[in-house]
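S.K.: Using only what follows, build the 3D model:
(chains A, B, C and D)
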2 protein chains.
Amino acid sequence: MMARTREFDEEKVLDAAMQLFWEKGYEATSLSDLTSRMGITRPSIYSTFGDKKELFEAALRTYTMARASEMRAKLQGNPSVKEAFRNFFEDVVAEETSGELSRGCFCINTMVELAPHDEKFEILTREHQMYLSVIFQEAIERGIQSGELKTVSDAKALAQALITSLIGLTVILKSRPQRAFVDNTLEVTLSLLK
Amino acid sequence: MMARTREFDEEKVLDAAMQLFWEKGYEATSLSDLTSRMGITRPSIYSTFGDKKELFEAALRTYTMARASEMRAKLQGNPSVKEAFRNFFEDVVAEETSGELSRGCFCINTMVELAPHDEKFEILTREHQMYLSVIFQEAIERGIQSGELKTVSDAKALAQALITSLIGLTVILKSRPQRAFVDNTLEVTLSLLK
DNA sequence: AAAATAACATACCGATCAGTATGTTATTTT
DNA sequence: AAAATAACATACTGATCGGTATGTTATTTT
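M.R.: Next comes the predicted model:
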């Protein structure tokens, strides 16, 4: 039973927490950072989301769900699978290149920072990547079905290799490599789709 | 001029700091962690290495130099370039799979944690990866020279794509993916060498 | 041997950390 | 309207953070 009505939008403040954790990671984000960015007080955070780790987990789950559906939409929105993949990878590059900060991928950041020390996040991040690789796989199978891609391709293995390259690309973009490096990587990687 | 003689081996304690930063990252490693692992006191750390960030930088530089020469040795030690790359990638997998903790690559960890927020580490991590890609490139060129690889290959672009895949592989191993995922990725990635 | 000096050990600094106790205010239930 | 209750705001907790002041000990230089 609810007495006084909540003055903040739970979804909005969680999104604010997500942005912050995404930018700075778990350890480097303090409760003070969170209260000021979320616009609510410390006790409100604890009563609504639990402790810092639980809030982080909620933020990450929000992120992964949004990212998976965004990715599926992008890959399904183009009749040509090759074009869809190229556009997708180039969007990633554009996203990280534009703007002051390259936040990378929240899930990948978490895989690096927390997965080795916290089994919950080891599982959560692994399963998200596996899920993404299935989305890749479905797109590739669509390309094989339509005749755009060679029938002999191992769709699953190819999808997994592309996910691995996507992770590598996302990570190295944080060091702001030269444009040519990225372009070369993209050309060679996408040449796997044939 | 030196009065009292130093009681610790500078190289050894720096190596201890490297191990710790490698395992836990910058933020999650405290000065207390460092003193107990390095076996020296706080003032000794500060007088010898400077503050926490400077110590971290020294540790990272030690790591990158060791890693680059280790990598060059592994790639040069085999007359077959294809075999050399396969062994190299499989060594990475074995390294991360065995043992309780998958530390990943210290430089990649730093790229994720610090590069977006600290230009010094953006540059340091980028240049290390570029250096590694040149080592890859030289091995590929050797393979072209010997006739083992196709003459038309763009050695540089290929090397850069392989580095990107290596980064992706190193990162995803932190989430302990299924063996089949890794094997598939490896097969497809190494198929680029032909 | 005396003076100088640098590495040592101990104990401390203010600041900040994650998390909570306490009291007030607004809304619902009775 | 009274009682109950949950969200609010403020202020606090002990612990730990990175970094340093201070005094002692060992070695070198004079």
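S.K.: mind checking pLDDT for A:Glu119?
M.R.: pLDDT for A:Glu119: 97.
S.K.: again, but for A:Gly104
M.R.: Confidence score, pLDDT, at A:Gly104: 97.
S.K.: Would you agree it is in contact with A:Ile172?
M.R.: No: using Cβ atoms under 8 Å, A:Gly104 is not in contact with A:Ile172, being 9.7 Å away. Every residue, glycine included, has its C-beta placed from N, CA and C.
S.K.: So for those two, which residue has more residues nearby?
M.R.: Higher neighbour count among A:Gly104 and A:Ile172: A:Ile172, with 28 against 24, using other Cβ atoms under 10 Å in any protein chain shown.
S.K.: any bit of the helix or strand hosting A:Glu11 sitting next to DNA strand D?
M.R.: A:Glu11 belongs to helix A:10-24 when elements are defined using DSSP states H and E. No: on the criterion Cβ under 7 Å from any atom of the strand, helix A:10-24 is out of touch with DNA strand D, staying 9.4 Å away.
S.K.: Show the contacting residues for A:Val92.
M.R.: A:166, A:169-170, A:173 (Cβ atoms under 8 Å, 6 or more residues apart in numbering or on different chains).
S.K.: and A:Lys74, how many neighbours does it have?
M.R.: Count around A:Lys74 with other Cβ under 10 Å applied: 17.
S.K.: pLDDT value on A:Asp154, please?
M.R.: We note a pLDDT of 96 for A:Asp154 in this prediction.
S.K.: sorry, that was for A:Glu100
M.R.: 89.
S.K.: what's it sitting at in phi/psi?
M.R.: phi -70, psi -50 (degrees, to the nearest 10).
S.K.: Would you mind measuring from it to DNA strand D?
M.R.: Distance, A:Glu100 to DNA strand D, by Cβ to the nearest atom of the strand, to the nearest Å: 24 Å.
S.K.: repeat for A:Leu55
M.R.: According to Cβ to the nearest atom of the strand, A:Leu55 stands 14 Å off from DNA strand D.
S.K.: A:Leu114 now?
M.R.: Counting by Cβ to the nearest atom of the strand, the separation of A:Leu114 from DNA strand D is 17 Å.
S.K.: contacting residues for that residue?
M.R.: So A:Leu114 contacts A:26, A:121, A:125 (Cβ under 8 Å, 6+ apart).
S.K.: which one of those is nearest DNA strand C?
M.R.: A:Tyr26 (8.5 Å; Cβ to the nearest atom of the strand).
S.K.: and that closest one, how many neighbours?
M.R.: Counted with other Cβ under 10 Å, A:Tyr26 comes out at 20.
S.K.: How is it classified with respect to secondary structure?
M.R.: Following DSSP: H, G, I helix; E, B strand; the rest coil, A:Tyr26 is assigned to coil.
S.K.: and the gap between it and A:Asp51?
M.R.: For A:Tyr26, the distance to A:Asp51 equals 12 Å [Cβ to Cβ, to the nearest Å].
S.K.: nearest spatial neighbour of the residue nearest in space to the middle of chain A, skipping sequence neighbours?
M.R.: Centroid-nearest residue in chain A: A:Cys105, 4.3 Å away (criterion: Cα atoms, centre = their mean). Excluding the flanking residues, the one nearest A:Cys105 by Cβ to Cβ, 6 or more residues apart in numbering or on different chains is A:Thr170, at 5.0 Å.
S.K.: Also A:Met111?
M.R.: Once flanking residues are discounted, A:Met111 sits nearest to A:Thr125: 4.1 Å by Cβ to Cβ, 6+ apart.
S.K.: Please apply the same query to A:Tyr63.
M.R.: Spatially, and ignoring its direct neighbours in sequence, A:Tyr63 is nearest to A:Phe106 (4.5 Å; Cβ to Cβ, 6+ apart).
S.K.: anything in whichever strand or helix holds A:Gln129 sitting right up against DNA strand C?
M.R.: Following DSSP H and E, one finds A:Gln129 within helix A:119-146. No: applying Cβ under 7 Å from any atom of the strand, one finds helix A:119-146 separated from DNA strand C by no less than 14.5 Å.
S.K.: where does A:Ala180 sit relative to DNA strand C, distance-wise?
M.R.: Distance from A:Ala180 to DNA strand C, by Cβ to the nearest atom of the strand: 40 Å.
S.K.: cool, and A:Thr151?
M.R.: From A:Thr151 to DNA strand C the distance is 53 Å (Cβ to the nearest atom of the strand).
S.K.: which ones are touching that residue?
M.R.: Here A:Thr151 is in contact with A:Ile144 (Cβ under 8 Å, 6+ apart).
S.K.: quick one, strands of chain A?
M.R.: Taking DSSP state E, chain A contains no strands at all.
S.K.: For the nearest residue to A:Leu75 once chain neighbours are set aside, which residues are in contact?
M.R.: Spatial nearest neighbour of A:Leu75, chain neighbours left out: A:Ala139 (4.4 Å); criterion: Cβ to Cβ, 6+ apart. Applying Cβ under 8 Å, 6+ apart to A:Ala139 gives the contacts A:75-76, A:81, A:84-85, A:159.
S.K.: among the residues you listed, which ones are buried?
M.R.: Burial by neighbour count, 16 or more other Cβ atoms under 10 Å in any protein chain shown: within these this picks out A:75, A:81, A:84-85, A:159.
S.K.: sorry, back to before: list just the nearest of the contacts of A:Leu114 to B:Leu20.
M.R.: Of all the contacts of A:Leu114, B:Leu20 sits closest to A:Tyr26, with 18.1 Å by Cβ to Cβ.
S.K.: hmm, back to that, farthest pair within the buried ones among the contacts of A:Ala139?
M.R.: Across these (Cβ to Cβ), the longest gap, 13.0 Å, separates A:Ala84 and A:Ala159.
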